[in-house]
Each structure stands twice: as C-alpha cells, then as structure tokens.
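Student: Need the 3D shape of this:
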Amino acid sequence: MTATYVLVHGAWHGGWCWRPVAERMRAVGHRVLTPTLPGFADGDDPAAHGLDDVIDFVATAIETQDLSDVVLVGHSWGGYVVAGAAPRVRSRLRKLVFWSAFVPADGAALYDEVPPETQELFTTLARESGTNSVSLPFELWRDAFIQDAAELVQRLTHGLLVPQPMQYNTTAVRELEPDRLGIAAAYLLGAEDLTMPEGDAGWRRFAARLGVSPTVIPGSHELFFTQPGALAQALLAEGCEP
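Tutor: Residues are numbered from 1 along each chain as shown. From the prediction side, this is the model:
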C-alpha cells in the first residue's frame, strides 16, 4: 500500500532535514513532500510571520495540490503545525504521526511546555538576538539533540540550522482531539531523546494526550540524520496501519 506523506520539520530546521528519510520512502513507491515552512528558508526574516501563517501554509499546500489519503507527520515543534492544520484538512488525511513532538493542550504554547531553564534560555537568546529569534547553542545541540552522532556530523548539521522565531514558541494552538475529528493518530519516540526531561515532564505525556502508547525506536531527537533507515521504516509502518 502506497501513501502520500507530508513531513513537517521542527524548530531551527527546514525541509532539507528530511532528505535521508524521504529518499528511502520514495524508493519504495511513496509520495513524500518535505516543505520548508515560512521563516525557515535561508535568509528569511524571523519576524515576518506568525504561527497561524505557518499552519495556513501547510493546509494550503495540501489543498492546492489536491492531496488525499495523507499521512501528516510533525517533528518536535512541528507538532503544533500539524495539529493546527489537521482540522482544516481532516477529510484529506489518513493519519497523523507525531515524532518526539509537542501535542497541544488548550492555551499552552511550546514555551509553557518546556522546563523553566529552557524558558529562561529562550527568553534571553530572543532578547539578545535583535530579531526576537532563538539560535540554538552548539553545546545544547551536541549534548541533547544529536549526541549519538560523530562530532563532524554534529558541527555540519548545526551549521545548517536557522534561528527559530520566538513568536512560534509563544503562540498556542487549539487542543487536538483526533477521535472527534475522526483521524487516526500515532506517536513515535526516540529511545535516547534527551531534549526533554524523563518521566511525567517528558515526551511520553504528549502520547498520552493522544490516547496512544508511543512506539519507541532507537536513537536521539535527530533520527533523520543518525538513524534515517529506522525512522523511514517506522513512518512507513505507521502509514500502512489504520
């Protein structure tokens, strides 16, 4: 069974980050789209857009290309984007897949869901940026996001990241209710993902919001670089399930 996948990247990334995964999925016959969201293209103005613009961008892309039977995937912050777009394009969706992603609660933005020390870091970096944006420090990238890669890979990939508009982190999205929308949902989680605390404050609480148990696969928060084959297989498996 083939499907159409729309893969939505997270903070600091662009559609380019999915290429190692997307190529593997296309090789077995699937259609895979990897859009770069507004504000994340090289040279984009971090202050030019709001989160609603990003959500509209994804929904409009699905509509204007007349996509159907779509497996819509969100990574990390991208969970807000796919959750925001899903109600508008629900008739076109086969499934929602969240990979180490935030699942919105009413009134809560990403800023509200991260630990206090992360909130403080984001606030400081955004204030000092001059563009109300957050550039991810290399040390945090190395130690928490992609700690399972060689240093050369860590440095090369970090050099590709772009600033995250702070307003994307402080805007809430309406709570997602997959059952009410009639959309199947799944949650993938990297076994060595260190970007959030363990336990009740970590990624597993977002799977619980969907009412599902997470499917755990080996690797860090940046599996599309460190374990692209395993991530592609996990996404294909979810897309083939009801």
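Student: In terms of helix, strand or coil, where does K95 fall?
Tutor: With DSSP: H, G, I helix; E, B strand; the rest coil as the basis, K95 sits in strand.
Student: Around the closest residue to it other than its chain neighbours, how many other residues sit close by?
Tutor: Spatial nearest neighbour of K95, chain neighbours left out: A184 (4.5 Å); criterion: Cβ to Cβ, 6 or more residues apart in numbering. For the C-beta atoms, the positions are set from N, CA and C on the backbone; glycine is no exception. By other Cβ atoms under 10 Å, 18 other residues sit near A184.
Student: Report how many residues lie close to G219.
Tutor: Neighbour tally, G219, other Cβ under 10 Å: 23.
Student: how close does it sit to A101?
Tutor: Between G219 and A101 the distance is 15 Å, computed by Cβ to Cβ, to the nearest Å.
Student: again with T123
Tutor: Per Cβ to Cβ, T123 is found 22 Å from A101.
Student: ok, the two, which is more surrounded?
Tutor: When neighbours are counted by other Cβ under 10 Å, T123 and A101 differ, and A101 comes out ahead with 26 against 15.
Student: Can you name the helix or strand that that one falls in?
Tutor: Using DSSP states H and E, A101 maps to neither a helix nor a strand.
Student: ok, then the element right after the helix or strand of the chain with the lowest mean pLDDT?
Tutor: Lowest by mean pLDDT, DSSP states H and E among the helices and strands of the chain is helix 178-181, with a mean of 89. Counting by DSSP H and E, the next helix or strand C-terminal to helix 178-181 is strand 184-190.
Student: Now tell me what touches that following strand from outside.
Tutor: Under the criterion Cβ atoms under 8 Å, 6 or more residues apart in numbering, residues 94-101, 103, 176, 178, 203-204, 206-207, 210-221, 223, 231, 234-235, 238, 241-242 lie in contact with strand 184-190.
Student: Direction included, what does it pair up with?
Tutor: strand 93-99 (parallel), strand 215-217 (parallel) (DSSP bridges).
Student: circling back to that earlier point, just the buried ones from the contacts of strand 184-190?
Tutor: For those, a burial check counting by 16 or more other Cβ atoms under 10 Å picks out 94-101, 103, 176, 178, 203-204, 206-207, 210, 212, 214, 217, 219-221, 223, 231, 234-235, 238.
Student: contacting residues for the closest residue to I62 other than its chain neighbours?
Tutor: Computed as Cβ to Cβ, 6+ apart, the closest residue to I62 that is not its neighbour in sequence is V89, at 4.8 Å. Applying Cβ under 8 Å, 6+ apart to V89 gives the contacts A59, I62, E63, V70, L72.
Student: what's across from the fourth one in the sheet?
Tutor: Think V70. Where V70 sits in a bridge, its partners, by DSSP bridges, are T4, L93.
Student: 23 is where my numbering starts, stick with that
Tutor: Okay, using 23 as the starting number, the last item reads as V92.
Student: could you list every residue that touches it?
Tutor: V92 is in contact with A25, T26, Y27, V28, I84, V111, R114, L115, R116, counting by Cβ under 8 Å, 6+ apart.
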